[in-house]
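J.: have a look at this prediction, sequence included:
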Amino acid sequence: MKDIINTYVIKTIKRIFRQLGLLLKWLVFAILAGIVIGLVATFFSYCIQQATSLRAEHGWIVFLLPLGGLFIVFSYKLLKDERDKGTNLVLSAIQTQESIPLKMAPLIFVSTVVTHLFGGSSGREGAALQLGGSIGHFLGKLFRFDEKDKNIMVMCGMSAAFSALFGTPLAAAVFSMEVVSVGIMYYAALVPCAVSALTAHSLANLFGIHGESYTILSIPAFSPENAVKIGLLAVFCAGISIVFCIYLHQSEAVYQKLFPNQYLRILVGGGILILLTVLVGSQDYNGSGMEVIERAIHGETLPFAFLLKMIFTAVTLGAGYKGGEIVPTFFIGGTFGCLFGSIAGLSPSLCAAVGMGAVFCGVTNSPITSILICFELFGTGALPYYLIAIAISYMLSGYFGLYHSQKIIYSKYKTEYINRKTN
């Protein structure tokens, strides 16, 4: 009996030391990834800010958008990446051990800055996922990790870049684990993703790149009436997220069918965007539109702002310009929520915040990340409203999503394994 106890104690001690060794390993590599990717993402954020400021000061730059598009296509052809899969490649690499080329990082970096400089409608966080994923994969190869650990490094890199750019380390740490396979969380990456996200966020703050934060002007008391109104808002947001996903995917397909030549495709897209900008009479829908989001949180929006942003973004990304879909999603959700609040007699500021979280959840199928983003952007004061809206939007948005490579592992409606890709 004594020998059995001694053997058990020895095995337990060995197991503890193995786990401590594993913890030390991921602490070291997560901090390293956070530093490397945090520096790249911080510089990327600075470049995006400068490009946006330059366009704001010289509005005529938008007329050069087609030339910027030609440069983007030429760059991808030059580095032999004409069939760029973008964020879909990063997600599929985690699922299938597909390789992510390092050249994705400089390509998405430069092309996204060019898109923002000349007035394409896109975000930056989608580019961050590609930046972080490609650099994370490279670091995994550099340190000779096996395929499973490389996948963790990819998620680690995604979290670091997202956190540095958007300033939401909690949401960034969870998003890369949640977005790949809906219904399954890759908890093995929890420590690396959390540490890399916090490291990159601290580094970005050190260089003066601070995340977004907003104050909801009025949060009414939680009541059955207000809960019903927020639930109705969530239903609309789920519908909007479905329409936005379909519109993005179909615009790309239509472009490719009508204009097989990539140079012609992006020239036509640039021309359409210039025409739309002139017709609208402002550049509110070019670039990321962070100023419009801020106005929506303050209760100010135009009735059709969310529709115009959907059109501008689909025209931009479908034509081949680069960037992300996440900030446009916030724009759409924020402006629609503000409009809904004004009509329904509920705080437009609150509805804008709730709309941002609900539409983001609908297009990414990531409810936990959506709640954390609301916490980090708006605080916890409107928690019951976030929870209702995000839960309903997640359910009613069905199996649509921004990323074709995202998999729905478990049904949204039953405790059932389905393992299918998003529409």
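T.: Great, that's in hand. Residues are numbered from 1 along each chain as shown.
J.: what segments of the stretch 151-300 of the chain are strands?
T.: Secondary structure of the stretch 151-300 of the chain, counting by DSSP state E, counting those that start in this stretch: strands at 181-182.
J.: low-confidence ranges, it, go.
T.: Within the stretch 151-300 of the chain, no stretch falls below the threshold (pLDDT under 70).
J.: which parts of it are helices?
T.: Secondary structure of the stretch 151-300 of the chain (DSSP state H, counting those that start in this stretch): helices located at 169-178, 190-206, 224-258, 262-280, 290-297.
J.: tell me which of these is the most buried.
T.: When neighbours are counted by mean count of other C-beta atoms under 10 Å, the highest per-stretch mean among the helices of the stretch 151-300 of the chain falls to helix 169-178, a mean of 27. C-beta here means a position set from N, CA and C on the backbone, and glycine is covered the same way.
J.: quick check: bridge partners of K407?
T.: Beta-bridge pairing of K407 under DSSP bridges involves S181, K421.
J.: which among the helices of the stretch 151-300 of the chain is found nearest to P367?
T.: When these are compared by C-beta to C-beta, helix 169-178 sits nearest P367, at 8.2 Å.
J.: related to what we said a few turns ago, want to throw the helices of the stretch 151-300 of the chain into a markdown table with distance to Y214?
T.: As requested, these are arranged in a markdown table below (distance: least, C-beta to C-beta, whole Å):
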| stretch | distance to Y214 |
| --- | --- |
| helix 169-178 | 14 |
| helix 190-206 | 18 |
| helix 224-258 | 18 |
| helix 262-280 | 25 |
| helix 290-297 | 5 |
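J.: surely E98 touches L91?
T.: No: with contact defined as C-beta atoms under 8 Å, E98 does not count as touching L91 (9.7 Å).
J.: between these two, who's got more neighbours?
T.: Set side by side, E98 and L91 give different neighbour counts by other C-beta atoms under 10 Å, the larger being at L91 (25 against 14).
J.: tell me the contacts of that one?
T.: L91 sits next to 179-180, 403, 405-406 when contact means C-beta atoms under 8 Å, 6 or more residues apart in numbering.
J.: where's it, which helix or strand?
T.: For L91, the host element (DSSP states H and E) is helix 87-96.
J.: so which of the helices of the stretch 151-300 of the chain comes closest to A105?
T.: For the helices of the stretch 151-300 of the chain, distance to A105 was read as C-beta to C-beta. The smallest value, 14.7 Å, belongs to helix 190-206.
J.: could I get the closest one in CSV with only the CA atoms?
T.: These are the backbone C-alpha positions of helix 190-206, laid out as CSV (Å, rounded to 0.1, in the frame of the first residue of the first chain):
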residue,chain,number,x,y,z
LEU,A,190,-6.7,30.5,-23.4
VAL,A,191,-3.5,31.3,-21.7
PRO,A,192,-1.5,32.2,-24.9
CYS,A,193,-4.4,34.3,-26.3
ALA,A,194,-5.0,36.1,-23.0
VAL,A,195,-1.3,36.9,-22.4
SER,A,196,-0.6,38.0,-26.0
ALA,A,197,-3.7,40.2,-26.0
LEU,A,198,-2.7,41.9,-22.8
THR,A,199,0.9,42.3,-23.9
ALA,A,200,0.0,43.8,-27.3
HIS,A,201,-2.6,46.1,-25.7
SER,A,202,-0.1,47.4,-23.1
LEU,A,203,2.4,48.0,-25.9
ALA,A,204,0.0,49.9,-28.0
ASN,A,205,-1.0,52.1,-25.1
LEU,A,206,2.7,52.7,-24.5
